[in-house]
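Chemist: coordinates only, sequence not included:
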């Protein structure tokens, strides 16, 4: 514009405007023209810079400079800015002022000698004053465009979706992003919040919009919307952006909410595991001590039965004592199961076949108003499990389902099958420590009963917890312990009024037969042995009973109260001992340590391990050395006799 308006005023052949820039000695060229072949042409480039020559420098002090000079062959142009073929003969320079500050230089040049006079420089000074505001305005507009561009780039980089809405909740404008609610943002324009959202969310949003506009404070709004994979969660921030309008910034927080939910579930599982661990230690310890007491009852009863004639009137009483003690040992098995140490007679099992064999018993266990529906999976892979314990799990779940139906009746469904459990499937299961993604066999018990709320579901596996008038002991707590003992997991789904579904997962068998405990043998009455046996046990009752049983079969017996004493006794006369009966759970030096010390002294020494815990838990600690034999407490006299006979043979 400056070039066009001054062309007729100064009849220039070349022209430029240069502006000072902070931090630069050279000035930036913002307008540059020259005349080529009689035509004015712009030579402006964004990176043009100018350093004034010595004759023109007074202009930076606010003076105008006029230079008329003869042009000779070979002269170079002053302040050459473009591809000029010849130097200028008449030049004038004037300051560009903003108030009192010199902000730049304006220059007109002519190839005709003596084109400009002092009168022209006076006009140039006024032109410079007119140019300054235009330059400031142009720079301001440029800065505004750059600022808008930066803001737009920043907004485009944000994942948030922005809406501008009126006080009445009408969508006026939006800033798009990769986030979509349930429709493209353009669909919202011209519609109201009530048109686009459920009534409860719309009402709360309108209330917050009015607060933001009236109070001028940011309002926060969290809400969720249904989606194909559950619900999507959003966070809205509402800010006043005008007298009667607000801007809503929407961000999806579904991943954050789900992460918090996963964290909460993990914390619940950790708390549950800690609770089970502490209670498991308690029940396991009680069961162990109780088994030692039962050894005394069963052992002494067995010894008495061996000495009594077949027609003795006392025999039925001793038989009753033995039967009662065996039933008590079943209780300790339940306690061990709860402690997670309940794998007893492990063998490959077909879960469908096992449950099918229980059907008649299950029908007697449920309410008369309940209907039993069976859905058995075919060709299930086997699981390594104790059949008695798995039956206990199924029976407990069926009893629980029947109680949930009450007098109204309903349907109980038992389903078996196989599945590939993902990592997320395993994570939601209780008692799933050590479980990983893989193939599992499941048994599922579902009912159409009263259902449970979340608070009840959180407590159903607590010992002695019940919603019934009278409790039934360990119940589901023992079920959970058995599942833990089999390295399985259990999931629970229930809502009030919508029944409940329990699914128990068992890992598929490794393909090898599980170890078995010695089978109960017929009473060994006539067999006799010989030699010396070392009995190492910290419980006096067990030592006494084991001593009587072994002496009754012809053995000499030496006893030790702990592991250290047992090693000292053995080291004095190692050649005297044919066998060692060793308790695995002792204070101080454990049975495992004694076992390794004895094997280190004599690898061929027969050692019979004994414990109130299951064989798998005991032998699992001896990964590199397999013991010759194991007998679980409580044991009868005939069982100990048969095991010793087998080991010495």
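Modeler: Sure thing, it's come through. From a predicted model like this one, the values you see are computed outputs, not experimental measurements.
Chemist: tell me where the model's unsure across the stretch 251-400 of the chain.
Modeler: For the stretch 251-400 of the chain, applying pLDDT under 70 flags the ranges 276, 279-280, 327, 330-331, 333-345.
Chemist: do the same with the stretch 1-150 of the chain
Modeler: For the stretch 1-150 of the chain, the stretches with pLDDT under 70 are 1-2, 5, 72-86, 138-139.
Chemist: now do 90
Modeler: The model of the stretch 1-150 of the chain has pLDDT under 90 over residues 1-57, 59-62, 69-89, 96-104, 111-113, 119, 121-150.
Chemist: quick one: contacts for residue 406?
Modeler: Residue 406 makes contacts with 367, 449, 450, as judged by CB atoms under 8 Å, 6 or more residues apart in numbering. No exception for glycine: its C-beta is placed from N, CA and C like everyone else's.
Chemist: typo on my end, it should be residue 243
Modeler: Neighbour list for residue 243: residue 213 [criterion: CB under 8 Å, 6+ apart].
Chemist: mind redoing it with 10 Å?
Modeler: 167, 213 (CB atoms under 10 Å, 6 or more residues apart in numbering).
Chemist: still on that earlier bit, in TSV, list the contacts of residue 406 along with distance to residue 21, secondary structure and neighbour count.
Modeler: Below are the contacts of residue 406 laid out as TSV (distance: CB to CB, whole Å; DSSP: H, G, I helix; E, B strand; the rest coil; neighbours: other CB atoms under 10 Å):
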residue	distance to residue 21	secondary structure	neighbour count
367	92	coil	18
449	83	coil	24
450	81	coil	18
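Chemist: so the spatially closest residue to residue 643 that is not a sequence neighbour: helix, strand or coil?
Modeler: Nearest non-adjacent residue to residue 643, counting by CB to CB, 6 or more residues apart in numbering: residue 631, 5.0 Å away. At residue 631 the chain is in strand, as set by DSSP: H, G, I helix; E, B strand; the rest coil.
Chemist: ok, residue 631 touching residue 637?
Modeler: No - contact between residue 631 and residue 637 fails when scored by CB atoms under 10 Å: they sit 11.7 Å apart.
Chemist: more crowded one of the two?
Modeler: Neighbours per residue, other CB atoms under 10 Å: of residue 631 and residue 637, the larger number sits with residue 637, 26 against 20.
Chemist: so which helix or strand takes in the nearest residue to residue 332 once chain neighbours are set aside?
Modeler: Distances taken as CB to CB, 6+ apart place residue 287 nearest to residue 332, at 4.3 Å, with adjacent residues excluded. Residue 287 belongs to helix 254-307 when elements are defined using DSSP states H and E.
Chemist: what packs against that helix?
Modeler: strand 219-227, strand 230-242, helix 315-338, helix 423-427, helix 476-485, helix 540-552, strand 607-611, helix 637-648 (3 or more CB pairs under 10 Å, 6 or more residues apart in numbering; DSSP states H and E).
Chemist: return the most buried member of the ones you listed.
Modeler: Mean neighbour count (mean count of other CB atoms under 10 Å) peaks for helix 476-485 among the helices and strands packed on helix 254-307, with a mean of 26.
Chemist: that one: what's the following helix or strand?
Modeler: strand 489-494.
Chemist: distance-wise, check residue 213 relative to residue 267.
Modeler: 41 Å (CB to CB, to the nearest Å).
Chemist: swap in residue 41?
Modeler: Separation of residue 41 from residue 267 (CB to CB): 76 Å.
Chemist: same check on residue 112?
Modeler: According to CB to CB, residue 112 stands 91 Å off from residue 267.
Chemist: ditto for residue 46
Modeler: Applying CB to CB, the value for residue 46 to residue 267 is 60 Å.
Chemist: then residue 228?
Modeler: For residue 228, the distance to residue 267 equals 29 Å [CB to CB].
Chemist: circling back: mind putting the contacts of residue 406 in TSV, distance to residue 126 included?
Modeler: Shown next, in TSV, are the contacts of residue 406 (distance: CB to CB, whole Å):
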residue	distance to residue 126
367	108
449	98
450	96
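Chemist: out of those, who's nearest residue 190?
Modeler: residue 450 (49.8 Å; CB to CB).
Chemist: what residues are up against the closest one?
Modeler: 403-406, 408, 410, 467, 494, 496-500.
Chemist: quick one: least confident of those?
Modeler: Among the contacts of residue 450, residue 467 carries the weakest pLDDT, at 61.
Chemist: what are the ranges of the helices in the stretch 451-600 of the chain?
Modeler: Remark: helices assigned in the stretch 451-600 of the chain by DSSP state H, counting those that start in this stretch are 454-457, 476-485, 540-552, 563-572, 591-601.
Chemist: quick one: residue 361 is in a helix?
Modeler: Yes - per three-state DSSP, residue 361 lies within a helix segment.
Chemist: start the count at 541 instead of 1 going forward.
Modeler: Taking 541 as the first residue, the last one we looked at is residue 901.
Chemist: number of nearby residues for it?
Modeler: 12.
Chemist: so residue 580 is in contact with residue 546, correct?
Modeler: No - between residue 580 and residue 546 there is no contact under CB under 10 Å: 11.3 Å.
Chemist: need the overlap of contacts for the two.
Modeler: Common neighbours of residue 580 and residue 546, counting by CB under 10 Å, 6+ apart, are 552, 555.
Chemist: and the helices and strands packed on helix 794-847: which comes nearest residue 939?
Modeler: With CB to CB as the criterion, residue 939 lies closest to helix 1016-1025 of the helices and strands packed on helix 794-847, at 9.7 Å.
Chemist: returning to that earlier point: measure how the helix holding residue 827 sits relative to strand 770-782, angle-wise.
Modeler: Counting by axes from the mean of the first three to the mean of the last three CA atoms, to 10 degrees, helix 794-847 lies at 150 degrees to strand 770-782.
Chemist: now do helix 794-847 against helix 1080-1092, angle only.
Modeler: Using the same axes, to 10 degrees: helix 794-847 against helix 1080-1092 is 40 degrees.
Chemist: next, the angle from helix 794-847 to helix 1177-1188.
Modeler: Angle, helix 794-847 to helix 1177-1188, by the same axes, to 10 degrees: 100 degrees.
Chemist: circling back: quick one: which of residue 580 and residue 546 has more around it?
Modeler: residue 546 (18 against 15).
Chemist: the spatially closest residue to the more buried one that is not a sequence neighbour and residue 862: what is the separation?
Modeler: Counting by CB to CB, 6+ apart, the nearest residue to residue 546 once its immediate chain neighbours are dropped is residue 667, at 6.4 Å. Computed as CB to CB, the residue 667 to residue 862 distance reads 125 Å.
Chemist: next: residue 1128.
Modeler: For residue 1128, the distance to residue 862 - CB to CB - is 33 Å.
Chemist: just give me the residue closest to the centre of this structure.
Modeler: The residue lying closest to the centre of the chain (CA atoms, centre = their mean) is residue 802, at 5.4 Å.
Chemist: residues in contact with that one?
Modeler: With CB under 10 Å, 6+ apart, residue 802 has these contacts: 964, 967, 968.
Chemist: residue 713 too?
Modeler: Taking CB under 10 Å, 6+ apart, we find residue 713 in contact with 702, 703, 704, 705, 725, 728, 729, 785, 787.
Chemist: and it, what's its pLDDT?
Modeler: Value for residue 713, per-residue pLDDT: 86.
Chemist: again, but for residue 1146
Modeler: You'll see residue 1146 listed with a pLDDT of 93.
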